[in-house]
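Colleague: Can you look at this prediction? I've put the sequence above it.
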Amino acid sequence: MKEQLQMLIKLQELDSKIRLHDRQEALFPAEIEKIQHEIDGHAEVFQQEVAKLETLEKERRQRERDLEAAGEQIKKIQGRLPEVKTNKEYQAFLSEIEHLKEKMDQYEVEIIERLDAADKLREELKEKEKVYLEEKEKLEARKAELGEKLKHLPDDLKGLKARRIDLEKKIPADLLNRYRTLLEKRAGIAVVYVKKEICQGCHMNIPPQLFNQIQKGEQIFTCPHCNRILVPYDESSEGA
Ligand SMILES: [Zn+2]
């Protein structure tokens, strides 16, 4: 009987692994897609930050061109001053030069503002890029790990199922039937350990007398609460 209980434990372990593999085969592709989505999201946020810097620099270059054009304009007007005939014309030229100089002052202010803002943003970007790349690396690693596991799942499953067939041959048909029925009714867990008078399937207490009988391992007992097959637990056992 002890041998049969041991085989049932092994069978449960195999079935739990098979169940997990089946679940992973269904879940991993969606999980991988979700991670890729997250990576794309981080990339987009970072790109938006980079774009802010690019906009600032584009604006600054435009102001620099405006500044230069205004300077050229002033020179042109000054070049035409000797041709001026009337005082009115002269005043008009001076006023235009004055106006252009004011504009140049304004452009210079705007250039400095953008230079300062760009410096600040560049500093922030350094830190943000570091965080972004670290996060990306972590996610890529997780994605690769899942991809690798997914690749091996079909072969792993084949191996597990072959082992299950071998093991099932050694278990008496009626016991195996009982196990299969329980497995279906009890969410894939038919055999559980009893630890400290507690069923590890439903976490309810096992009456002391029944517990003592289970510990002997001479007969197959089931949990009075969840009907699962109960196996005595000792320190050398592994969780089923
Ligand atoms: Zn139970």
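Modeller: Noted; the coordinates are in hand.
Colleague: all contacts plus neighbour counts: C-alpha atoms, from now on.
Modeller: OK.
Colleague: Closest to the centroid, which residue in the protein?
Modeller: The centroid of the chain falls nearest to Ile35 when counting by CA atoms, centre = their mean (4.5 Å).
Colleague: ok, now which ones touch that one?
Modeller: Listed by CA atoms under 8 Å, 6 or more residues apart in numbering, the contact set of Ile35 reads Leu139, Glu140, Lys143.
Colleague: per-residue confidence at it?
Modeller: For Ile35, the pLDDT comes out at 98.
Colleague: before we move on, which element is it in?
Modeller: Applying DSSP states H and E as the criterion places Ile35 in helix 2-80.
Colleague: May I ask you to name the longest helix in this structure?
Modeller: Identified as the longest helix of the chain according to DSSP state H is helix 87-169.
Colleague: Okay, Gln200 and Ile206: tell me how far apart.
Modeller: For Gln200, the distance to Ile206 equals 10 Å [CA to CA, to the nearest Å].
Colleague: For this structure, what lies in contact range of the ion?
Modeller: Cys199, Gly201, Cys202, Cys223, His225, Cys226 (CA under 5 Å from the ion).
Colleague: I'd like those residues as TSV, with neighbour count and secondary structure appended.
Modeller: As requested, those are arranged in TSV below (neighbours: other CA atoms under 10 Å; DSSP: H, G, I helix; E, B strand; the rest coil):
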residue	neighbour count	secondary structure
Cys199	25	strand
Gly201	21	coil
Cys202	14	coil
Cys223	24	coil
His225	13	coil
Cys226	16	coil
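Colleague: Closest one of those to Asp234?
Modeller: Nearest to Asp234 among the residues of the chain next to the ion is Cys199, at 13.8 Å by CA to CA.
Colleague: ok, now which ones touch that closest one?
Modeller: Contacts for Cys199 (CA under 8 Å, 6+ apart) come out as Val192, Tyr193, Asn205, Ile206, Cys223, Leu230.
Colleague: now Gln4
Modeller: Ile171.
Colleague: Regarding His203, what is its secondary structure?
Modeller: Following DSSP: H, G, I helix; E, B strand; the rest coil, we place His203 in the coil state.
Colleague: what's around it, how many residues?
Modeller: His203 has 13 neighbours, counted by other CA atoms under 10 Å.
Colleague: next one: phi and psi at it?
Modeller: phi 60, psi 30 (degrees, to the nearest 10).
Colleague: Look up how far Val192 lies from it.
Modeller: Remark: distance between His203 and Val192 (CA to CA) = 10 Å.
Colleague: for Leu146, same thing?
Modeller: 30 Å.
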